[in-house]
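1. have a look at this fold, sequence not included:
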Ligand code: SF4
Ligand code: SF4
């Protein structure tokens, strides 16, 4: 398959990784698309076989294998299961980039992955404007009308919760924040990564993150020049654009502080900037990054969270458990919430079907995967679902609403807030 010789995103780059697969099939039972579709080509082993054949020039029409790669969630459950250490995510992302360069995704999906991701989601100002417009349309009843007239696809209308108010969407103040009076400072400063969608969609999570860090004695620096991490672009086969965003973030977080984030998908991408950029600066940046639960579990809570007498289930985001190996820390923190009873769901590490914008691009498969997820969460009898990624929060929340048994879907950090001081 022809590739630009000066691009790092060629199938030749990931070819040696495909040879690590010994075809044992131990990854198959963990793969959500194989569980749902039952087809070898929609399994990790099958996809690796196809990508290896492509790299060896044995595939007559490279685009013919694309639907199988497009249906992959890039959830990396197969990496956790694999005894041979196959770096599946790297193989997939490199191959997707090569195929996308050869023939860009056509139609509305192409518009979504090229135009919307790059020109709107990755530009904070435009994203804020888009949310303001969506909120206005909602208030005027136009969203309801558009859904009724089928001007927006049904699955999109169902996934999207009400757009938060302007007050809820307000961005975090940038600059340096110090622990409030009465809190013993730790003498530690961290930098906070605020993300793209997290800010307008779940501003409350960013505010809780800042608040919990300050209440636990950290100084928090929120750099103004930071931006989207580029994860969605990497998943969509556009690493060149993701590299521009990564380089800007490396420059924005130039200090020595730990870079904290509260989004599993972003956190995984930030830690992998070394691979994406192929530079020592990218590697050094990746080593500084921590999920907020990772930081707080390692450093210890000094502020006792407010009492929450609820039965809660924690659902592992793929890019936290499989991508970053963070599993025990969120649970450890939740067990410190007074009154909270933490229960486990069956197969908590299975993907929920969100996977960035997968639920918009592959709605049928995402619907089946999402339904299995909420069935297992509901079987625990939990009153609250807790997770650590905005995409998972949206997907689980939409399936819970559709099931007729909505339950609050919260981020771990929201449950770690200490009681408010009496007013
Ligand atoms: S990344 Fe997830 S969906 Fe893709 S092959 Fe691996 S387990 Fe299956
Ligand atoms: S578990 Fe690893 S080696 Fe075995 S088939 Fe899956 S990817 Fe290949």
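-> Happy to help now that I have it. All values reported here derive from a predicted model rather than from experimental measurement. Ligands and ions are numbered 1, 2, ... in the order given.

2. who in the stretch 1-150 of the chain is up against ligand 2?
-> By C-beta under 6 Å from any ligand atom, the residues of the stretch 1-150 of the chain that approach ligand 2 are 21-27, 44-45, 48, 78, 81-82, 84, 86. The way it works is simple: take the backbone N, C-alpha and C, and place the C-beta from them, glycine included.

3. could you redo the last one with a cut-off of 8 Å?
-> Residues of the stretch 1-150 of the chain found near ligand 2 (C-beta under 8 Å from any ligand atom) are 20-28, 44-45, 48, 78, 81-86, 88.

4. report the buried members of these.
-> 21, 27-28, 44-45, 48, 78, 81-82, 86, 88 (16 or more other C-beta atoms under 10 Å).

5. show me the contacts for residue 18.
-> By C-beta atoms under 8 Å, 6 or more residues apart in numbering, residue 18 lies in contact with 48, 51-52, 55, 91.

6. ok, residue 234 touching residue 276?
-> Yes: with contact defined as C-beta atoms under 8 Å, residue 234 counts as touching residue 276 (6.7 Å).

7. of these two, who's got more company?
-> Set residue 234 next to residue 276 and count neighbours by other C-beta atoms under 10 Å: residue 234 wins out with 28 against 23.

8. confirm that the more buried one sits in a helix.
-> Yes: looking at residue 234 with DSSP: H, G, I helix; E, B strand; the rest coil, it is inside a helix.

9. if I look at the closest residue to it other than its chain neighbours, how far off is residue 130?
-> Closest residue to residue 234 apart from its sequence neighbours, by C-beta to C-beta, 6 or more residues apart in numbering: residue 242 at 4.7 Å. Distance, residue 242 to residue 130, using C-beta to C-beta, to the nearest Å: 20 Å.

10. how about residue 322?
-> Distance from residue 322 to residue 130, by C-beta to C-beta: 31 Å.

11. of the two, who's got more company?
-> residue 322 (26 against 16).

12. and the more buried one, how far from residue 209?
-> Counting by C-beta to C-beta, the gap from residue 322 to residue 209 is 23 Å.

13. could you work out the end-to-end span of stretch 172-186 for me?
-> In stretch 172-186, first residue to last residue: 22 Å (C-alpha to C-alpha, to the nearest Å).

14. can you list contacts of it?
-> Stretch 172-186 is contacted by residues 189, 192, 194, 199, 203, 206-207, 210, 214-224, 299, 302-303 when judged by C-beta under 8 Å, 6+ apart.

15. in strands only, show me the residues you listed.
-> 189, 192, 218-222 (DSSP state E).

16. from the stretch 301-423 of the chain, which residue is nearest to ligand 2?
-> Residue of the stretch 301-423 of the chain nearest ligand 2, by C-beta to the nearest ligand atom: residue 322 (13.0 Å).

17. I meant to write the stretch 51-200 of the chain there.
-> Taking C-beta to the nearest ligand atom, the stretch 51-200 of the chain has residue 82 as its residue nearest ligand 2, at 3.2 Å.

18. the stretch 101-250 of the chain now?
-> residue 235 (19.1 Å).

19. return the residues in contact with that residue.
-> By C-beta under 8 Å, 6+ apart, the residues touching residue 235 are 74, 93, 96, 355-356.

20. could you redo the last one with a cut-off of 10 Å?
-> 72-74, 89, 92-93, 96, 113, 117, 242, 265, 269, 355-358, 361 (C-beta atoms under 10 Å, 6 or more residues apart in numbering).

21. so which bits of the protein are right by ligand 1?
-> So the chain meets ligand 1 at 27, 30-34, 42-44, 47, 71-79, 81, 88-89, 92, 318, 351 (C-beta under 8 Å from any ligand atom).

22. among these, which are located in strands?
-> Using DSSP E, none of the residues of the chain next to ligand 1 sit in strands.

23. list buried residues within those.
-> Listed as buried from those are 27, 30-34, 42-44, 47, 71-79, 81, 88-89, 92, 318, 351; burial here means 16+ other C-beta under 10 Å.

24. which residue packs closest to residue 105, ignoring adjacent ones?
-> Nearest one to residue 105, counting by C-beta to C-beta, 6+ apart, is residue 113 at 5.7 Å.

25. and for residue 277?
-> residue 246 is the one closest to residue 277 (C-beta to C-beta, 6+ apart), at 5.5 Å.

26. that neighbour and residue 272 touch, don't they?
-> Yes: using C-beta atoms under 10 Å, residue 246 is in contact with residue 272, at 9.2 Å.

27. intersection of neighbour lists for the two?
-> In contact with both residue 246 and residue 272: 229, 231, 234, 282, 286, using C-beta under 10 Å, 6+ apart.
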